[in-house]
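Enquirer: Make a model of this:
(4 chains)
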2 protein chains.
Amino acid sequence: METRERLPLELRAAYLALHRRSDIEFAKFGVTADQFVLLATLARGQALTQRELAARMPSDPSTVRAMLVLLEERGLVSRNTHPTDGRARTVALTALGLRKFRQVFKAGQAIRDEMVSSLTAEETRSLVKLLRRVTQSLTDATIVGAGSTSNIH
Amino acid sequence: METRERLPLELRAAYLALHRRSDIEFAKFGVTADQFVLLATLARGQALTQRELAARMPSDPSTVRAMLVLLEERGLVSRNTHPTDGRARTVALTALGLRKFRQVFKAGQAIRDEMVSSLTAEETRSLVKLLRRVTQSLTDATIVGAGSTSNIH
DNA sequence: CTAAACTCGTGCGTATACACACGGTTTTTA
DNA sequence: TAAAAACCGTGTGTATACGCACGAGTTTAG
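Expert: All right, here's what the predicted structure looks like:
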């Protein structure tokens, strides 16, 4: 029973459980778990470009675009022309979007409490730390491995 | 800097990093990260019903069905009639499916090694343990919330 | 033993997640 | 400064992830 071989599956199980739980809770407010992540990221740094936003979530630029189209239709975010870069568009929360974020964040407290309900404060800190290191290891490897990203044309 | 509020995002970041990394690595073998999870689950328990399979992954029955349709077309799994239950179908790996699983599992060792490359054996054990507890807490809550349809009436 | 309740798989709809190619824009290079 | 390279957002295609409603089969209640 190598714990090293269980780690990927346990990580997957934990994330999917969180995602399901969040989707159910947030549905009352008409947003998905991932849309909440996007709103939260914008709440921390307005006027990001779409790519910056994607990098911080973290997520894929084309995924983020699809989400922005939906959120813009609902009036939660606005997309404007970038002041100096004609290619880019800046994204920001609308007043409605900010209000929605705060509502959902509050509702999410119940989930965050549940998550750590069987953990001590010390264990929670430890868990966050370990997750960060795992992410770092996987991300470094990806960047090194895929570093030959080229546009051949 | 409340670590309790960072936990969901760190969990998400770690899982998505793992998923991306796995998809890239496993693409060489023509399977996705999630398809590998399905194959691995079958390798541990053949002749499961689709629902049992979904419960063990864990995943949604309708998601699993869509995956099975694709995997069956590629000859990696077979679906047969259940011996006693006319509603259910049993699922099993084909010989090709088993071989594929073993190949991909071997290739996946590199990823599993990377994941724990900055962790001690003790920390890895701890991480698995903490993730399990988080999953448990989130799952219990979901069941309690939606489970009042069964025993108590 | 029959009718209601439950369960299984199916099929459809919406939202991610990401790859990839494309056109337009900026930056770098020669 | 003109050509090349790199970058941004868009649009399309495939694969999850899950909810929901449906038909068929099974279990339970009366």
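Enquirer: residues from chain A in reach of DNA strand C?
Expert: Contact residues (CB under 7 Å from any atom of the strand) of chain A with DNA strand C: A:32, A:34-35, A:58-60, A:62-63, A:66-67, A:70, A:84-87, A:153. Where C-beta positions appear, they are placed from N, C-alpha and C, glycine not excepted.
Enquirer: which among the residues you listed end up buried?
Expert: In these, burial by neighbour count holds for A:32, A:34, A:35, A:58, A:59, A:67, counting by 16 or more other CB atoms under 10 Å in any protein chain shown.
Enquirer: just the residues you listed now: which is nearest chain B?
Expert: residue A:58 (6.1 Å; CB to the nearest CB).
Enquirer: Go ahead and confirm the closest one touches residue B:10.
Expert: No - using CB atoms under 8 Å, residue A:58 makes no contact with residue B:10, being 11.3 Å away.
Enquirer: For chain B, what's its nearest residue on chain A.
Expert: Counting by CB to the nearest CB, chain A gets nearest chain B through residue A:15, at 3.7 Å.
Enquirer: correct me, but that residue touches residue B:12?
Expert: Yes - under the criterion of CB under 8 Å, residue A:15 makes contact with residue B:12 at 6.3 Å.
Enquirer: Checking the closest residue to residue A:77 other than its chain neighbours next. Helix, strand or coil?
Expert: For residue A:77, ignoring the flanking residues on the chain, the nearest one in space by CB to CB, 6 or more residues apart in numbering or on different chains is residue A:71 at 4.6 Å. Per DSSP: H, G, I helix; E, B strand; the rest coil, the secondary structure class of residue A:71 is helix.
Enquirer: before we move on, what about residue A:19?
Expert: Taking three-state DSSP, the label given to residue A:19 is helix.
Enquirer: What's the local residue count around it?
Expert: 18 (other CB atoms under 10 Å in any protein chain shown).
Enquirer: Quick check: it touching residue A:32?
Expert: No - under the criterion of CB under 8 Å, residue A:19 is not in contact with residue A:32, lying 9.2 Å apart.
Enquirer: Find residues that contact each of the two.
Expert: Counting by CB atoms under 8 Å, 6 or more residues apart in numbering or on different chains, residue A:19 and residue A:32 have no shared contacts at all.
Enquirer: mind pulling up the phi and psi values for the closest residue to residue A:82 other than its chain neighbours?
Expert: Nearest non-adjacent residue to residue A:82, counting by CB to CB, 6+ apart: residue A:88, 3.9 Å away. For residue A:88, the backbone dihedrals are phi -90, psi 160 (criterion: degrees, to the nearest 10).
Enquirer: how much space between residue A:88 and DNA strand D?
Expert: Applying CB to the nearest atom of the strand, to the nearest Å, the value for residue A:88 to DNA strand D is 4 Å.
Enquirer: What parts of chain A come near DNA strand D?
Expert: So far as CB under 7 Å from any atom of the strand goes, chain A lies against DNA strand D at A:16, A:19-20, A:23-24, A:49-51, A:61-62, A:65-66, A:68, A:79, A:85, A:87-89, A:150-151.
Enquirer: can you tell me the helix or strand for the residue of chain A closest to chain B?
Expert: Here residue A:15 is covered by helix A:3-26, with elements defined by DSSP states H and E.
Enquirer: Next secondary structure element downstream of that helix?
Expert: By DSSP H and E, the next helix or strand past helix A:3-26 is helix A:33-44.
Enquirer: Now do the next helix or strand after that following helix, average pLDDT.
Expert: Where DSSP H and E defines the elements, the next helix or strand beyond helix A:33-44 is strand A:48-49. For strand A:48-49, the per-residue pLDDT values average out at 97.
Enquirer: on contacts alone, who are the packing partners of strand A:48-49?
Expert: For strand A:48-49, the elements it packs on are strand A:89-93, judged by 3 or more CB pairs under 8 Å, 6 or more residues apart in numbering or on different chains; DSSP states H and E.
Enquirer: Would you mind listing the buried residues in the strand it packs on?
Expert: For strand A:89-93, by 16+ other CB under 10 Å, it's A:89, A:90, A:91, A:93.
Enquirer: okay, now the nearest residue to the last one once chain neighbours are set aside: neighbour count?
Expert: For residue A:93, ignoring the flanking residues on the chain, the nearest one in space by CB to CB, 6+ apart is residue A:42 at 4.8 Å. Residue crowding around residue A:42 was assessed by other CB under 10 Å; the count is 25.
Enquirer: picking up where we left off before, switch the buried residues of strand A:89-93 over to a markdown table; also include pLDDT.
Expert: Shown next, in a markdown table, are those (pLDDT from 0 to 100):
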| residue | pLDDT |
| --- | --- |
| A:89 | 97 |
| A:90 | 97 |
| A:91 | 98 |
| A:93 | 98 |
